[in-house]
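K.L.:
pasting the structure only:
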C-alpha cells in the first residue's frame, strides 16, 4: 500500500491574505482559487487549501511543519528576520529570536496572520547523528 498526503484545509478570516503570506514567504507560486478555497501548492502534489471562516468565529490555531532545503531555510529565515516577524527556536516560544539545531539541522517556529504555528526545518526529527 502506498499512502501520500494530499491536502489539508487551513482556516482563515481572510483566505487570500493568509495564503498569499505563506506563498510569498516560501517563494511559492501565487495561490490559486479552487471552489471556495485559495490553494497553496507544495511539492509531491500536496497543498494547503485556505478557507474563510466567519469573522465572529474564532480560529483554532493548528501546527504546520515544512521540511525545507538549507538554501530555502536561508531564504525563508532571511525574510522572517528582515521583516521582524516574531519567531522562536522551540514550540513553546521560550527561545525568542533564535533557531534550533536539532538533528544536525536547523529549525524555527513563527505564526501566520491567523495565529497558526508554522515551522520550517532542514532535517526530519530523529534523523540526526
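P.N.:
Now that the structure is in, tell me what you want to look at. Keep in mind that this is a model prediction, so the values were computed, not measured.

K.L.:
For this protein, give me the ranges with low pLDDT.
P.N.:
Residue ranges of the chain with pLDDT under 70: 129.

K.L.:
the domain parsing of it - what is it?
P.N.:
The record's domain parsing of the chain by automatic domain parsing lists 1-53, 60-129.

K.L.:
Mean neighbour count added to the ones you listed, as JSON lines?
P.N.:
To be clear about C-beta, it is placed using only N, CA and C from the backbone, and glycine gets the same treatment. JSON lines is the format used below for the domains of the chain (neighbours: other Cβ atoms under 10 Å):
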{"stretch": "domain 1-53", "mean neighbour count": "15"}
{"stretch": "domain 60-129", "mean neighbour count": "15"}
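
K.L.:
If you count contacts, what does whatever helix or strand residue 71 lives in end up packed against?
P.N.:
Assessed by DSSP states H and E, residue 71 sits inside helix 70-82. Packing partners of helix 70-82 (3 or more Cβ pairs under 8 Å, 6 or more residues apart in numbering; DSSP states H and E): helix 15-26, strand 107-111, strand 117-121.

K.L.:
Done for today, thanks.
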